[in-house]
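**Q** below is the sequence, then the predicted model.
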Amino acid sequence: MPGSYCSNCGSRLIPQPIEGRIRGVCPDCSLVAYEQRKLSAAVRIVKDGRLLLVQRGIEPWYGSWHLPSGYVEVDEEPETAAQREALEETGLIVKVGGLVDYYTYDDDPRGNGIILLFDAFPLEGEFSANDETLALGYFSPEEIDRIPLAGMSARNMIADWLANVKG
C-alpha cells in the first residue's frame, strides 16, 4: 500500500477492506486513501514520415526509446504539460495540436497511469537533450522495428502510429 501515512493528519494507515478492495484507513481521522492512476502527457511529432523519439536516460527503461512525455503537474493542463515535456526532452518549442488518443499502462514501477497523446508541431528550437534524455532523433518505421521501446505505453502509441503509416 503506497503511502503508509495519512495525508491529512500523519497517522499510520491501517489496511482495511473497503468497497471490495484493501485500502489504507486512518484510525485517527477516518481518511480513506484511494490509490489513483498517474496522469502523463506525450507529443507525437512527425517529420518527413519519421517519428521523433527520445532515448531514456533514467530508470525505468534506461536506454529504451519513447515519445517525449512526462507527468502532468497538479497545476497545469495536459496540453501545457505536453508542451513543457517536449521542450525539456528535445529542446523544441512546439505547438500542441489535437488529442490523438489516450493509453493506459500498468507496467511502470512508479505506478499505473494514463497517458494522453497529442499531435505537436515544432515552431522553433534546436535538438538538445536534458538529464533524463540520452539521445533523440527521427525514426522511420523500419528503424523503429530495430530499437527497444520503453514500456507498454510507448509500444502501444508507436504501434498505432506504425499501423496508420503502413496502412
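**A** Perfect, thanks for sending it.

**Q** who touches the longest helix along the chain?
**A** Longest helix of the chain, by residue count under DSSP state H: helix 151-166. Contact with helix 151-166 is made by 40, 42, 44, 46, 49, 51, 53, 60-61, 64-67, 69, 100-101, 103, 105-108, 113, 115, 117, 141, 144, 149, as judged by Cβ atoms under 8 Å, 6 or more residues apart in numbering. For every residue, glycine as well, the C-beta is placed using N, CA and C.

**Q** quick one: mean pLDDT for it?
**A** For helix 151-166, mean pLDDT rounds to 96.

**Q** ok, stretch 111-121 next?
**A** On average, stretch 111-121 scores 97.

**Q** can you give me the neighbour number for residue 135?
**A** Residue neighbour count, defined by other Cβ atoms under 10 Å, stands at 13 for residue 135.

**Q** now do the same contact list for it.
**A** Residues near residue 135 by Cβ under 8 Å, 6+ apart: 54, 55, 129.

**Q** go again with 10 Å.
**A** For residue 135, the contact set (Cβ atoms under 10 Å, 6 or more residues apart in numbering) comprises 53, 54, 55, 56, 57, 63, 65, 127, 129.

**Q** just curious, which of these is nearest to residue 167?
**A** residue 53 (20.7 Å; Cβ to Cβ).

**Q** which residue packs closest to that closest one, ignoring adjacent ones?
**A** Spatial nearest neighbour of residue 53, chain neighbours left out: residue 65 (4.4 Å); criterion: Cβ to Cβ, 6 or more residues apart in numbering.

**Q** against residue 31, how distant is residue 81?
**A** Using Cβ to Cβ, to the nearest Å, residue 81 is found at 28 Å from residue 31.

**Q** now residue 144
**A** 46 Å.

**Q** and for residue 112?
**A** Distance from residue 112 to residue 31, by Cβ to Cβ: 21 Å.

**Q** compare those two (neighbour count), which wins?
**A** Neighbours were counted for residue 112 and for residue 31 using other Cβ under 10 Å; residue 31 has more, 16 against 13.

**Q** hey, where'd the strands end up in the chain?
**A** For the chain, the strands defined by DSSP state E occupy 14-18, 21-25, 32-33, 38-44, 46-47, 50-56, 65-66, 69-71, 92-105, 113-125, 133-139.

**Q** ok, the fourth one: who's next to it in the sheet?
**A** Going back to what we said before, that points to strand 38-44. Here strand 38-44 has these sheet partners by DSSP bridges: strand 69-71 (antiparallel), strand 113-125 (parallel).
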